[in-house]
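Student: Using only what follows, build the 3D model:
(3 chains)
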Amino acid sequence: MSKLSKIFTGNIVVSLVAILFGLIVGAIIMLIGGYDPILAYQSLFEQVFGNKYDFGETLREISPLVLTGLAVAFAFRAGLFNIGGEGQFIIGMTAATFIGIKVTGLPAYIHAPLALIVGAVCGGIWAGIAGYLKAARGVNEVITTIMLNWTALYLGNYIVTNFLMKSGMDKSFDIQDSASISIQSLSSFFNDARIHWGMFLSILAAIFFYYFLWKSKQGFELRAVGHNHNAAEYAGMNVGRNVVKAMFISGAFAGLAGAIQILGVFHYQTIMSGTPGTGFDGIAVALIGMNHPFGILLGGSLFGILTYGSAGMSFGADVPPELIRIVIGSIIFFIAAQGIVRWVLKPFYSKRKKEKVL
Amino acid sequence: MRKTLKLSMVMMLSLSVLLAGCGKKDDNAGSTTGAGSDKKVEIGMVTDVGGVNDKSFNQSAWEGLQALEKDGKIKPSYLQSTKADEYITNLNKYVKGKYALTWGIGMSLGDAIKTVAKQNPDSKLAIIDAVVDEPNVKSVTFAENEGSFLVGVVAGKMTKTNKIGFVGGTKIPVIEKFAAGFKAGVLAVNPQAKVYIEYTGAFDKPDLGKTSAATFYNDGADIVFQAAGGTGTGVFNEATERVKKGEKVWVIGVDKDQSIEYPDVTLTSMVKRVDEAVKRVSQEVVDGTFKGGAEELTLKDNGVGIPDTSSKNVPADVLKLVEDYKAKIVSGEIKVPVTEEK
Amino acid sequence: MSAASPVLELKGITKRFPGIVANDSISLKLNKGEIHALLGENGAGKSTLMNVVFGLYQPEEGTIEMNGQPVLIDNPNKAIDLGIGMVHQHFKLVEPFTVTENIILGMEPKKGINLDYKSATAKIKALSEQYGLKVNPNAKIHDISVGMQQRVEILKTLYRGADVLIFDEPTAVLTPQEITELMEIMRRLVAEGKSIILITHKLKEIMQISDTVTIIRRGKVIDSVITKESSPQELAEKMVGRAVSFKVDKIPATPGSTVLKVDKISSKSKDGIAVLDELSFTLRAGEILGVAGVDGNGQSELIEALTGLRKIDSGSIELLGEQVANLSPRQISEHGVSHIPEDRHKHGLVLDFSMKENMVLETYYKKPYNKRGFLNYDAITKQAKRLIELFDVRTPSLDTLARSLSGGNQQKAIIAREIDKNPDLLIAAQPTRGLDVGAIEFVQKQLVAQRDQNKAVLLISFELDEIMNVSDRIIVIYEGRIVGEVYPEKTNDQELGLMMAGSTVGGKSHE
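Tutor: Have a look, this model is predicted:
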């Protein structure tokens, strides 16, 4: 509980102020560019909260971001830097597509979960490769995970091209209906927004993250290894095995993110010329969420709102998408550089204290 | 000292936001509101990830809408998609905003258009480069093979090395149509020539285009036809560098008349009149004659072809030959293949 | 002393941290030209107090006066402006820079837009000569000794015009020779009119150099005394709060059956150098075996081999008749081995874990702490609470991070955890390193208590005094082998010193 309260008290002020600063800097940039920031931000929020459809789509946007954020944070808690969320995401997509198309004749309550699980497990294995190389050979996971992003991209394209391709198209067949995790009833409630079970899965994943890491025996080991692998080794923990395990679970989060995008949003996979970016966004989300699962729910929501709302900014205020990326970037900058925020906040805090002293 | 600095910083920031608020009214007067406020037909357009400055079909489509806007008939607007999952939401932005017509530019929006059209049967949508079989969707495709055949004739006649390259984006049917027509055109006038075909796998990677072009030129090719969107700018860059060094190489452009952008290296272009198509279908909406269905624009419709500026670099006799072949294709005497013959 | 007002006076300084009062209404007077020692155990609040003086912390209550005038010190630059300089325990120097560059860093003298090195160097040279520091202004920091680096820190404060110098545990990093030289320098500084606050927990140094001593315990001032009128015994008692014995009280050992038999173990480093070279010894129940030796002669490797962190190439390690060589650390631990590691920060604790979690670092996977894969925090809390009370670990709460505890309390926590495992063999590596008198006494008593409960204790230490005082039997390690065995009653420092240097005089050799 004390941890929770810490997240929601001390740091939350700094985070909120950081977001505010980001928005202000974004506003200044928009002013310089000759756009109207007030109208732009108004459009942003209208885009997100204006009607049921857009709100539903925002929820859709948030889900994978939360999962890739959890992926980065989980590895980080175990002292690892997983830059490969991108690749694990693609592997999760490809695995889910494969199961979704090739496995037939299963009822939906088996097929869809199977596709999700295989997607998560394959993402986990993909990250586990980097974990194994780190544990067995001492290869830096930053390098291996980033390299595996490219391998995943081309492997995914290869699998789609050779086994799943709809002839005459640059994409796969559609997945079986039984593999879909779309929720029709909710979708129609949200005026056809693409609502799917992934939304609930991402919340469950955050809860799992919390319980596993802070309440389970294995989470204890992972955290010990993350904070001080020497002491963990002295205490009899198997550091290598924990590294692989941490990477596996981290990758499984990212793989699940990929799987829900296929099973819930697209229902097919296209040939990709570049990585989709959701894995990298996860790094920013983890940063905003301060590597805490509940912080990441909030961070993912913020990131999702900004990303989805950006279309509103260009629609309502003609702000080009590039400028919107700058706004998002400056918010992340202020959150990452909390020192700046604290420095500006300091006089407001310390004034009170000093008055007491004198 | 420091405290005042900090305070003034905060003040400045908040002040600037206030100022921004005051300036709101002036800024709002954008280019879109022209003369008066009599009812204009609102038309929206969703690009793929290329955006309206792609020097290719997105830009061409936007120019079509802008031309109509100049005539004072419509009020156009566009949204650029940054990721594939935005196609549907961007289309919905217009559809749910009750725009008279919503364009999807590029075949990658095909599925999104289909979904949105189904969910909103009362709306009007149109798409370029893909066929969507819904009653409220107008699908416009082009006979790229025919146009490519003509530039193939130019290339076959003008090559000095008898080696010609083709740089495609992703290997998808549309691009294969380009390649097939082009090859047939080259071989029709120059059976000795060899056409090398390469797909870079991307429409937004100029670096890949540059590498492919460099490989072709190094292998002795002197003309490269690019049908690769943004990737194609890499082809132009490579050719421009080589021409500056004194080499004699050419690029055949695609979609728009690219000699305007790259006058020194553009031999000719396979122009797809996306702008015309967009203009025409949009005009139908204005006139109230819009009807769903599929339409392929061919040489006959002037939907594809080569621009007049080609005469700058292509000799008259070659252009004459091109005209002859065009007539034969239009009359049906020559059937241009859609896929490459083995 | 003189009638003039003191250079620096602290009046009722109180500084609180969540859960703890670090300084509780502390008052202190520093007169001109005196060396004022601030004595207290680790965690007593000395460093907090000095950080308040240096402007790094703001006190909740109390005032600071300089030369009779109240001052507000809200950042270190202010402190420097007021003539307060601090020589930190951990130097804050830029290694590849020269002495001059380091000293002028942050207040570079300018000549137009250029740096005026020449005048800076000249000034530094003059200061160095005035106080007998013998520093070469043009030497690079990474080329000079630790003692010299400390002098650079001193010069830095003088260059900035400090009149009051605060030394934070200055001798912790110095060799005996360097300590003597530092004392000289400090005397010279006060002779030239500077005033010094010396933070330390080493009684010997206080007796040697200081004029006045203020003793702090648990954040409160216990007493201020004139050094000459006091004794180490008295100071130690005031510091710890009870009578301290410098001698370890123990009854003669009654060794029982063999617990550990190490037979000709060898191991190579990564570079292929033999770090353990057919090393052999035995250890019996109810005895403390001291391993003496100069640092780097295979002590660390021996501990690693015994605890399962290092593979041995040949030889055998028998624990109560069972072969334990090359087993995993956990297997060895479950065979009844406890281990107080050499480096408590690196190996003993997870500093960012709570005390609670650290207390079950090795047993979390066992019942009752592990309940079907989940941690039973009730049981963990109970255990941690028991250990912390039993061993008097001072922590604000069980949820406090291990990082925020003092070294002595951290070590107590480790010892509590290790002894509670009720091991047959306790390996204690440098168990008193960096601890103050009270904590040292506590640790050594615990080792003896284990012995008296018929456990086998292996004590590895570089401190000759500790080896001589605590051990029942001593073996000497040199270049990865045991070069001699002696009994503390029958040997002396000189003999041990020679053996540690590699000669095999004295007791029987294990060759």
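
Student: Check what pLDDT residue A:349 gets.
Tutor: The per-residue pLDDT reported for residue A:349 equals 55.

Student: again with the one 5 residues further on
Tutor: We note a pLDDT of 42 for residue A:354 in this prediction.

Student: So, low pLDDT: which residues of the stretch 151-300 of chain A?
Tutor: Low-confidence segments of the stretch 151-300 of chain A, defined by pLDDT under 70: A:168.

Student: where do the helices sit along it?
Tutor: Here the stretch 151-300 of chain A has its helices, by DSSP state H, counting those that start in this stretch, at A:184-189, A:198-215, A:217-227, A:229-234, A:239-260, A:278-288, A:293-317.

Student: just those: most buried one?
Tutor: Of all these, helix A:239-260 has the most neighbours on average by mean count of other C-beta atoms under 10 Å in any protein chain shown, namely a mean of 28. Glycine gets a C-beta too; all of them are placed from N, C-alpha and C.

Student: helices and strands around that helix, which ones?
Tutor: With contacts taken as 3 or more C-beta pairs under 8 Å, 6 or more residues apart in numbering or on different chains; DSSP states H and E, helix A:239-260 sits against helix A:52-77, helix A:85-102, helix A:108-132, helix A:198-215, helix A:217-227, helix A:229-234, helix A:278-288.

Student: Where does the prediction get shaky in the stretch 301-450 of chain C?
Tutor: Applying pLDDT under 70 to the stretch 301-450 of chain C flags no residue at all.

Student: looking at the helices of the stretch 151-300 of chain A, which is closest to residue A:30?
Tutor: helix A:293-317 (8.1 Å; C-beta to C-beta).

Student: what packs against the following helix or strand past that closest one?
Tutor: The C-terminal neighbour of helix A:293-317 among helices and strands, as given by DSSP states H and E, is helix A:321-336. With contacts defined as 3+ C-beta pairs under 8 Å, 6+ apart, helix A:321-336 has these neighbours: helix A:10-32, helix A:278-288, helix A:293-317.

Student: quick one: which of the ones you listed is nearest chain B?
Tutor: helix A:10-32 (4.6 Å; C-beta to the nearest C-beta).

Student: Report the inter-axis angle for the closest one versus helix A:278-288.
Tutor: In terms of direction (axes from the mean of the first three to the mean of the last three C-alpha atoms, to 10 degrees), helix A:10-32 departs from helix A:278-288 by 120 degrees.

Student: CA atoms only for helix A:10-32 - export them in PDB, please.
Tutor: C-alpha atoms of helix A:10-32 as PDB (Å, rounded to 0.1, in the frame of the first residue of the first chain):
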ATOM      1  CA  GLY A  10       4.700  12.600  -4.300                       C
ATOM      2  CA  ASN A  11       5.400  11.800  -7.900                       C
ATOM      3  CA  ILE A  12       2.000  12.400  -9.300                       C
ATOM      4  CA  VAL A  13       2.400  16.200  -8.800                       C
ATOM      5  CA  VAL A  14       5.700  16.200 -10.700                       C
ATOM      6  CA  SER A  15       4.200  14.100 -13.400                       C
ATOM      7  CA  LEU A  16       1.200  16.300 -13.800                       C
ATOM      8  CA  VAL A  17       3.300  19.400 -13.900                       C
ATOM      9  CA  ALA A  18       5.600  17.700 -16.400                       C
ATOM     10  CA  ILE A  19       2.600  17.000 -18.600                       C
ATOM     11  CA  LEU A  20       1.500  20.600 -18.200                       C
ATOM     12  CA  PHE A  21       5.000  21.900 -19.200                       C
ATOM     13  CA  GLY A  22       5.000  19.600 -22.200                       C
ATOM     14  CA  LEU A  23       1.700  21.000 -23.300                       C
ATOM     15  CA  ILE A  24       2.900  24.600 -22.800                       C
ATOM     16  CA  VAL A  25       6.100  23.900 -24.800                       C
ATOM     17  CA  GLY A  26       4.000  22.300 -27.500                       C
ATOM     18  CA  ALA A  27       1.800  25.400 -27.500                       C
ATOM     19  CA  ILE A  28       4.800  27.600 -28.000                       C
ATOM     20  CA  ILE A  29       6.000  25.500 -30.800                       C
ATOM     21  CA  MET A  30       2.600  25.700 -32.400                       C
ATOM     22  CA  LEU A  31       2.500  29.400 -32.000                       C
ATOM     23  CA  ILE A  32       5.900  29.700 -33.700                       C
END
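
Student: Can you give me the buried ones in the next helix or strand after that helix?
Tutor: Using DSSP H and E, the helix or strand that directly follows helix A:10-32 along the chain is helix A:37-49. Of the residues in helix A:37-49, A:37-44, A:46-48 count as buried by neighbour count, 16 or more other C-beta atoms under 10 Å in any protein chain shown.

Student: residue contacts, the nearest residue to residue B:162 once chain neighbours are set aside?
Tutor: The shortest distance from residue B:162 to any non-neighbouring residue, by C-beta to C-beta, 6 or more residues apart in numbering or on different chains, is to residue B:193 (4.6 Å). The neighbours of residue B:193, taking C-beta atoms under 8 Å, 6 or more residues apart in numbering or on different chains as the test, are B:155-156, B:159, B:162-164, B:186-187.

Student: mind checking the backbone torsions on residue C:336?
Tutor: Main-chain dihedrals, residue C:336, degrees, to the nearest 10: phi 100, psi 30.

Student: Buried ones in stretch C:186-200, by neighbour count?
Tutor: C:186, C:189-190, C:194-200.

Student: And for stretch C:353-372?
Tutor: Those would be C:353-365, C:369-370, for stretch C:353-372 by 16+ other C-beta under 10 Å.

Student: any idea which of these is closest to residue C:23?
Tutor: Once C-beta to C-beta is applied, the member of these that ends up nearest residue C:23 is residue C:355, at 22.5 Å.
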